[in-house]
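Student: here is a sequence together with a model predicted from it:
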Amino acid sequence: MFVNCLIEQARKDDRVFLITPDMGFSVLEKFRDEFPDRFLNVGIAEQNAVGVAAGLALSGKVVYVYSIIPFITMRCFEQVRMDVAYMRTNVRLVGVGAGFSYGPAGASHHAIEDIAIMRALPNMTVCCPGDPVETRELVRRSFYHEGPMYFRLAKNGEPRIHGEETRIEIGQAVWLREGTDVAVVATSNMLESGKVLTDKWVGQRKSVSFVSMPTIKPLDHGAIDILIQNGTPIVTLEEHNIIGGLGSAVAEVIAESGKGIRFTRVAIPDEFCHVVGSQSFLRKKFKLDDIQYHEVAN
Amino acid sequence: MARDHVANIRQSIIRMTHRSRSSHVGSCLSACDILYVLYFKILNIDPQDHKKPDRDKFILSKAHASAALYATLAERGFFPGEYLDRFYVDDGLLPGHLDMDAVPGVEVSAGSLGHGLSLGVGMALANRQTGNTGRIFVLLGDGECNEGSVWEAIMLASTLRLRNLTAIVDMNKLQGFGRTNAVIDQSNMADRWRSFGWEVQAVDGHNIDDLDRALRGSPKRPRVIIADTIKGKGVCFMEDRLEWHYKSPDDEQCRQALDELERKH
Ligand SMILES: Cc1ncc(C[n+]2csc(CCOP(=O)(O)OP(=O)(O)O)c2C)c(N)n1
Ligand SMILES: [Mg+2]
């Protein structure tokens, strides 16, 4: 979805440029072959990739840098801070493999701290699309957005949750259900789990709100405020460290509202994963898929 | 004997990547002869006493070839061969990249390229300062040498004259998304290391005797072996093909590969 949107735009917009630090086999070929002058494999060198991207962006390009999440965020973090965030360059860091997508590959490939560190950078917009529609919408917005962005992509093949015609702006929550017994706020690759969970509760005659949060920064405070005003218990769902991600962002809004409501963060505990297994295996292990209604709602 | 062990290692790798449908079989096959020579002829190690303080240490910096290291450690007796069945599977034991807590013999956790040589410099320096005779060996990919941090470590090692440090570059001329020299021109790899103050030897990375000879001796400075290799070595349909960085052998390909390796030895 990401690369198709990019190709579509590149055909009419010659600012679009794509850099990879040696990743993207079987994904980026189409772009490379159609726009050989606007594609660059800089080699396995993420710091250089981000610096070069910022230089191109300072010269008028809109530059997408594509790799696996840990390598595009952490292997080059100071280049991201100085050359992208500080200078507000139109660089879009595009990371694949959210959370435990690369489960059995091991901890080096798990992406569980990225939201926290990217959210802490001034000027950075943090997008965590959870289905192909969210990806399409936010990637399209990125063509005309001013300033740096980070895209946390999952892996190819997430099911579509939103209607085809849905339009989503940067910084906007998407309401999938409205109800008052409990509210599930999900982001990134937990969107599908959130859907399964809320469908189940609705089947049990609960009144449920289900909110997708495809942008973590800027966060849609208004959406959270509505839930707080209604006194609805909130559950956040993310495949990310419990520190610094969606749960933390929502907690900040709740804490400053001055109102007490029931609140639960479902996330990965603050530890490296030494267990070997697929994404679904690790989700079970860390109890991301096993939420009991009575534990989170009144 | 040598051929038996190396063939066993290669066959284990085929079975592991087939069973778990994991990537990097080409990267593993490329490094088997190097790993065999290190673990069976060069390294001062004891599988029964894997933490002995004066041991030589090996760092697999191109840690995506973890299956090759696991297969070699099992073949050398660090842990039972059955452990290899638990590579990259649910409730497994051996992750796709390295976790030093997983099994005996894995010296460092790794999986992000460009870290291993720096770790090696630190270990070599510590050993020298404490009079520990253990030597440090680091295996890098040729694509991995794109990383600037590799060159930072190279410069420091020669400045410190770390003669107990040996790097090996697995020069298979392929990396993640293209041919190494087409992505970043490194055709004068040996000259680069030499100009940074290292002793350099270029050898055939699949010739056991040449590798053995190159890895012996006591260099005066940090030393690098540029090992000319073929990615996917030993399985004809995998050799020198970028796609085998990613694909895993299906049932039929697994059978073919095991047959070919059986016939060759
Ligand atoms: C810092 C970092 N960037 C990217 C990757 C993804 N990656 C894994 S293997 C590989 C190619 C490695 O090529 P090379 O070093 O030549 O090793 P080979 O498999 O050819 O032996 C890449 C880009 C990574 N593991 N770490
Ligand atoms: Mg290579």
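Tutor: Noted; the coordinates are in hand. Residues are numbered from 1 along each chain as shown, chains lettered A, B, ... in the order given. Ligands and ions are numbered 1, 2, ... in the order given.
Student: what about the residue of chain A found nearest chain B, how many neighbours?
Tutor: Nearest residue of chain A to chain B (C-beta to the nearest C-beta) works out as A:S108 at 2.7 Å. Backbone N, C-alpha and C define where each C-beta goes, glycine included. A:S108 has 23 neighbours, counted by other C-beta atoms under 10 Å in any protein chain shown.
Student: for the residue lying closest to it once chain neighbours are set aside, give me the pLDDT.
Tutor: Closest residue in space to A:S108, ignoring its immediate chain neighbours: B:G111 at 2.7 Å, by C-beta to C-beta, 6 or more residues apart in numbering or on different chains. You'll see B:G111 listed with a pLDDT of 98.
Student: verify the contact between the residue of chain A closest to chain B and B:V108 for me.
Tutor: No - A:S108 is beyond contact range of B:V108, at 11.3 Å (criterion: C-beta atoms under 8 Å).
Student: spell out which residues of the stretch 1-150 of chain B are next to ligand 2.
Tutor: B:141-143 (C-beta under 5 Å from the ion).
Student: about what we covered before: the residue of chain A closest to chain B and B:R10, how far apart?
Tutor: According to C-beta to C-beta, to the nearest Å, A:S108 and B:R10 sit 25 Å apart.
Student: pull the number of nearby residues for the closest residue to B:A68 other than its chain neighbours.
Tutor: Spatially, and ignoring its direct neighbours in sequence, B:A68 is nearest to B:C28 (3.7 Å; C-beta to C-beta, 6+ apart). When counting by other C-beta under 10 Å, one arrives at 32 neighbours for B:C28.
Student: residues from the stretch 51-200 of chain A in reach of chain B?
Tutor: Counting by C-beta under 8 Å from any C-beta of the partner chain, the stretch 51-200 of chain A comes close to chain B at A:70-71, A:75, A:102, A:104-109.
Student: show me which of those neighbour ligand 1.
Tutor: A:71, A:75 (C-beta under 6 Å from any ligand atom).
Student: now do the helices in the stretch 101-250 of chain B.
Tutor: B:116-130, B:148-159, B:180-183, B:189-195, B:208-215 (DSSP state H, counting those that start in this stretch).
Student: likewise chain A?
Tutor: Using DSSP state H, the helices assigned to chain A run over residues A:2-10, A:29-34, A:46-58, A:69-73, A:77-79, A:114-119, A:132-142, A:191-203, A:221-230, A:246-257, A:279-285, A:293-296.
Student: how about a markdown table for these, with mean neighbour count added?
Tutor: Output for these, formatted as a markdown table (neighbours: other C-beta atoms under 10 Å in any protein chain shown):
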| stretch | mean neighbour count |
| --- | --- |
| helix A:2-10 | 19 |
| helix A:29-34 | 14 |
| helix A:46-58 | 23 |
| helix A:69-73 | 25 |
| helix A:77-79 | 16 |
| helix A:114-119 | 24 |
| helix A:132-142 | 22 |
| helix A:191-203 | 18 |
| helix A:221-230 | 17 |
| helix A:246-257 | 18 |
| helix A:279-285 | 18 |
| helix A:293-296 | 12 |
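Student: what would the ones you listed look like in JSON lines with mean pLDDT and distance to B:Q201?
Tutor: Listed next are the helices of chain A as JSON lines, based on pLDDT from 0 to 100; distance: least, C-beta to C-beta, whole Å:
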{"stretch": "helix A:2-10", "mean pLDDT": "97", "distance to B:Q201": "43"}
{"stretch": "helix A:29-34", "mean pLDDT": "98", "distance to B:Q201": "37"}
{"stretch": "helix A:46-58", "mean pLDDT": "98", "distance to B:Q201": "29"}
{"stretch": "helix A:69-73", "mean pLDDT": "98", "distance to B:Q201": "31"}
{"stretch": "helix A:77-79", "mean pLDDT": "98", "distance to B:Q201": "35"}
{"stretch": "helix A:114-119", "mean pLDDT": "98", "distance to B:Q201": "41"}
{"stretch": "helix A:132-142", "mean pLDDT": "98", "distance to B:Q201": "49"}
{"stretch": "helix A:191-203", "mean pLDDT": "98", "distance to B:Q201": "54"}
{"stretch": "helix A:221-230", "mean pLDDT": "98", "distance to B:Q201": "63"}
{"stretch": "helix A:246-257", "mean pLDDT": "98", "distance to B:Q201": "53"}
{"stretch": "helix A:279-285", "mean pLDDT": "97", "distance to B:Q201": "44"}
{"stretch": "helix A:293-296", "mean pLDDT": "96", "distance to B:Q201": "63"}
